[in-house]
Structure formats: structure tokens, C-alpha cells
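In: with the sequence up front, the predicted model follows.
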Amino acid sequence: MDGNTMETKFCRECGAKIAKKAVICPHCGCQVEDSATSQPQIVINNSNQNQNINNAGGTSGKQCSKWTSFFLCLFLGCVGGHKFYEGKVGTGILYIFTCGLFGIGALIDLFNILGKPDPYTV
């Protein structure tokens, strides 16, 4: 390339032939966008489909009536009637063999059941 030959480009606004290193078109005065120094176009394809399936709030499980469980505990607490109703078979069998943890466990359960909402989830 000799000194007389100048690299050129075209203005995007007016289409005039200008020097390649020109920042502003001398014909129209508009800023010329240089493709080498321009910002790349960034495309974000965010297709995040995550869903929070948190059951820590107690939404899964068996729904039990507070009053059914209360009266089962009141009349059959020593044999674990309320525990079988809640689906806690192992604890119910323990209550059968220990007479409701010697009556103390059944009495504690009676007050605990009164503090639960109606219906409650086990």
C-alpha cells in the first residue's frame, strides 16, 4: 500500500466515502460507527424453569381432625387410639405396651392436641 492510497469506508447516514479512521463524517457531521470498536450485541436466552417445591410448611401428609384426635386421646389414650388415628402405628404400639407411657404421655398428648389447629397435618 503506497502513501496515496487511503483505506475508505462509507458513512451509514449519508453514504459518502470517508477515511476508514474517521470518527465523524465530514459531509453530514454524524458520528460514524466503527464495526471494530462497537459493542458486541449480547443475546440472553434465559429459560430458567426452576420451581420451588418446598413442603416444609406441612402441606403434605394426613389431615386429622383436632376434636376426633382429642376424644380418642381422652378415652383411648392409654392404648394409643389417637396415635393410630394419626397414622403413627409404632408410637401407638408403644402406648399399648406402656399404658400410654404410664399415663403421662397420654396426658401430655391431650394438652398438645388442644393447641393444634383444626384440621392439622401430621
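Out: Nice, I can see it. Numbers count the residues shown, from 1 in each chain.
In: okay, now the domains of this structure?
Out: Taking automatic domain parsing as the domain assignment, the ranges for the chain are 8-38, 63-121.
In: among those domains, which gets the worst mean confidence?
Out: When these are compared by mean pLDDT, domain 8-38 comes last with a mean of 79.
In: most neighbours per residue, which of the domains of the chain?
Out: Mean neighbour count (mean count of other C-beta atoms under 10 Å) peaks for domain 63-121 among the domains of the chain, with a mean of 17. C-beta: built from backbone N, CA, C; applies to glycine.
In: which helix runs longest in the chain?
Out: If you go by DSSP state H, the chain has its longest helix at helix 89-102.
In: which strands or helices does that one pack on?
Out: helix 81-86, helix 104-114 (3 or more C-beta pairs under 8 Å, 6 or more residues apart in numbering; DSSP states H and E).
In: surely residue 85 and residue 70 touch.
Out: No - between residue 85 and residue 70 there is no contact under C-beta atoms under 8 Å: 10.4 Å.
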